[in-house]
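> build me a structure from this.
(chains A and B)
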Number of protein chains: 2
Amino acid sequence: VADATSTKAEADAPALPATTKGERTRAAILDRAVDLASVEGLEGLTIGRLASDLGMSKSGLFRHFGSKQDLQLATVAAAGERFVAMVIAPAQSAPDGAARLRAMAERYLDYLDSFSGGCFWGATMSEYDDRPGPVRDAIAASMDAWMAELVRQSKTAGIDDPDRYAFELYAVVMAANARYRLGDHRAFDLARAALARLEAELPS
Amino acid sequence: VADATSTKAEADAPALPATTKGERTRAAILDRAVDLASVEGLEGLTIGRLASDLGMSKSGLFRHFGSKQDLQLATVAAAGERFVAMVIAPAQSAPDGAARLRAMAERYLDYLDSFSGGCFWGATMSEYDDRPGPVRDAIAASMDAWMAELVRQSKTAGIDDPDRYAFELYAVVMAANARYRLGDHRAFDLARAALARLEAELPS
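Here you go, the predicted structure:
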């Protein structure tokens, strides 16, 4: 079905290379899907729900995603790309180690503001921890990669127990999201105070 | 509706005082509801779903809870009672301050094992942070009470910035749940290492 309709989609758009238009549409759909899932979770993200939200036809969405699970997996991947673009990549200009850790933590707090429903990962992690399958595995792999990066940079910064240190960093930014979402307006200030305390632990 | 059917329930149980039997049934229903919600969330907790899980009739459940929201609110209250019974109350034998904080954190890690689906609060907090209404408010009030107790004990322990310290404690135990649920089997060990680091911060 997806192949047949994508041929039709290409025929509709002669002005631009079909793949470019298809890619732009797909990216716009996924951008909205990541926002919606950060509010309502990934289980509520049906093709029908998303189509009506975007003012598209269901068959239009089926051109891009053959099933609800395809859509969910593509949404997790898009959320991962947003995370890399907003948190990991901008921090690359900071030197490895302490400065990189500081830059990533700060960027993460900024990044939380980019979601109408709080952190995509905070919203979907607890939704999927009891639902075995490829969606849960994709979420877990993204979180593991984030944790591994924090461990690597903690090690470079000269921390004796980088696993514990990375765990604390992860915990603080995750809690900032959770507390803020529940209405604690001091959550970001508390998180920054906790990050300052963690920074003071770094060997100078 | 609830009043009319509860009269019938009392008539079904002449051997025991009706309130006692009714209370026991209600407690058993809520015990199961807390477990189910910790796995599937509170939105999935319909009266029909719970009735079929318990082998009860829907009308039997309606004797105890007049609506889905009644059931959800009663489940949040029951989860709060379980938390107090398993985490707060057993720690009361420890002196205020540092020893109490240590006892509560240890008890919390034990308590996580009592839920088939991980922490009830971890599962429901992110589910409800975008759903304004009495259920969200009840969850937020429980979390605020837990945070307030951590702040109070941190203050008693002589910490200069008890809000930041309590935030870190809260973050560490919440992250232990989240990481463990996603398959990180070292999560509890990392949390214990983080708690030891927090303990080392306490004035002796």
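> where in chain A is pLDDT low?
Within chain A, the segments meeting pLDDT under 70 span A:1-19.
> helices along that one, start to end?
Here chain A has its helices, by DSSP state H, at A:2-12, A:18-40, A:47-54, A:58-64, A:68-83, A:89-91, A:98-112, A:120-128, A:134-156, A:162-181, A:187-200.
> and B:Ala37, which of these is closest to it?
helix A:120-128 (11.5 Å; C-beta to C-beta). Using the backbone N, CA and C atoms, a C-beta is placed for each residue, glycine as well.
> how about the residues of chain A near chain B?
A:39-41, A:117-118, A:122-123, A:125-127, A:129-130, A:139-140, A:143-144, A:147, A:161, A:163-164, A:167-168, A:170-172, A:174-175, A:178-179, A:181-184, A:186-187, A:190-191, A:193-194, A:197 (C-beta under 8 Å from any C-beta of the partner chain).
> which PyMOL command selects the buried ones in the residues you listed?
The PyMOL selection below is limited to those of the residues of chain A next to chain B classed as buried (16 or more other C-beta atoms under 10 Å in any protein chain shown):
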select buried, chain A and resi 39+40+41+117+118+122+123+125+126+127+129+130+139+140+143+147+163+164+167+168+170+171+172+174+175+178+179+181+182+184+187+190+191+193+194+197
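> which one of the helices of chain A lies closest to B:Ala33?
helix A:120-128 (17.5 Å).
> now do that closest one against helix B:18-40, angle only.
Helix A:120-128 and helix B:18-40 are oriented at 130 degrees to each other (axes from the mean of the first three to the mean of the last three C-alpha atoms, to 10 degrees).
> so helix A:120-128 versus helix A:98-112, what angle?
Going by the same axes, to 10 degrees, helix A:120-128 makes 70 degrees with helix A:98-112.
> what helices and strands are in contact with helix A:120-128?
helix A:18-40, helix A:68-83, helix A:134-156, helix A:162-181, helix B:120-128, helix B:162-181 (3 or more C-beta pairs under 8 Å, 6 or more residues apart in numbering or on different chains; DSSP states H and E).
> using JSON lines, please lay out those together with distance to B:Val76.
Formatted as JSON lines, the helices and strands packed on helix A:120-128 follow (distance: least, C-beta to C-beta, whole Å):
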{"stretch": "helix A:18-40", "distance to B:Val76": "20"}
{"stretch": "helix A:68-83", "distance to B:Val76": "28"}
{"stretch": "helix A:134-156", "distance to B:Val76": "25"}
{"stretch": "helix A:162-181", "distance to B:Val76": "16"}
{"stretch": "helix B:120-128", "distance to B:Val76": "7"}
{"stretch": "helix B:162-181", "distance to B:Val76": "17"}
